[in-house]
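**Q** Got a predicted model here, sequence first, then my questions.
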Amino acid sequence: MSDLELNARYLDEQVQESSVQFAARRRALELGFRPVSPLAGRHLAGVAAMCRSLHILEIGGGIGTSALWLRRGAPDANLTILEAGADHAAEARRALLASGARPSQLRIISGADTDVLARMSDAGYDLVVLADDAPRFPARLQHALRLIRNGGTIVALGAMRGSAVASPARRDRLTMDFRDIISELERHPDFVVSILPIEGGILHLT
């Protein structure tokens with residue numbers, strides 16, 4: 001086991017989940033989702049807190065496992081979650097309400113990305129989080145760049161596609177698109193970009 005893997009395992013075991021977070025992660029696994037690990041979740045909570053987020057958008061919210069961590073870092077924020085599956089969106093709402101969120105803080109929308117995101121107002125969010133969904137990543141990122149306010153932050157999970165982006169042997173179109181997007185963002189004079197090599201790569205764009 002590498003030092004990175006050993007450190008990640010150790011830190012993951014130190015994270016204390018609430019009973020609601022533990023139940024949501026277990027339920028997500030039952031449904032076939034890949035919920036964020038406690039380590040990655042705590043990182044999301046830290047980002048939400050450091051950004052002093054008041055308006056957060058999560059694109060591809062699943063049943064709310066990531067959103068529970070975002071709320072833990074920014075308990076007073078208004079949280080918008082876009083999730084295609086109506087049943088999954090309903091589970092996310094129940095989990096967030098069980099965690100203490102007020103109904104007025106939550107806006108949970110079920111529907112296709114392309115339909116819903118196109119209707120959202122520009123520069124409406126302090127923090128936009130993109131779920132790990134490789135085929136939808138390029139289009140979601142384009143919307144996120146429009147929806148984030150000046151000085152806001154975008155976080156994308158799975159930005160390295162596991163180890164695919166770093167592997168010279170991977171030459172498929174989607175992996176090449178990821179490499180091109182990351183390179184373009186890093187060269188852009190208006191952005192500060194960093195990528196953590198955990199959880200398939202967590203990209204931060206400010």
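**A** Yep, it's here.

**Q** helix/strand/coil for the residue lying closest to G158 once chain neighbours are set aside?
**A** With C-beta to C-beta, 6 or more residues apart in numbering as the criterion, G158 has its nearest non-adjacent residue at 3.1 Å, and that residue is D132. C-beta here means a position set from N, CA and C on the backbone, and glycine is covered the same way. Here D132 is recorded as coil under DSSP: H, G, I helix; E, B strand; the rest coil.

**Q** what's around D132, how many residues?
**A** Residues near D132, counting by other C-beta atoms under 10 Å, number 24.

**Q** what's it in contact with, if anything?
**A** Shown in contact with D132 (C-beta atoms under 8 Å, 6 or more residues apart in numbering): 34, 60, 157-158, 199-200.

**Q** Considering those residues, which member attains the minimum pLDDT?
**A** Ranked by pLDDT, the contacts of D132 bottom out at E199 (87).

**Q** So which bits of the top strand by length along the chain are buried?
**A** Secondary structure of the chain per DSSP state E: the longest strand is strand 148-157. By neighbour count on 16 or more other C-beta atoms under 10 Å, the buried set for strand 148-157 is 148, 152-157.

**Q** For that strand, which helices and strands make contact with it?
**A** helix 38-50, strand 125-130, helix 137-147, strand 202-205 (3 or more C-beta pairs under 8 Å, 6 or more residues apart in numbering; DSSP states H and E).

**Q** Can you identify the element that follows that strand toward the C-terminus?
**A** Following strand 148-157 in sequence order, the next helix or strand is helix 173-187 (DSSP states H and E).

**Q** Could you list every helix and strand in contact with that next one?
**A** helix 137-147, strand 193-196.
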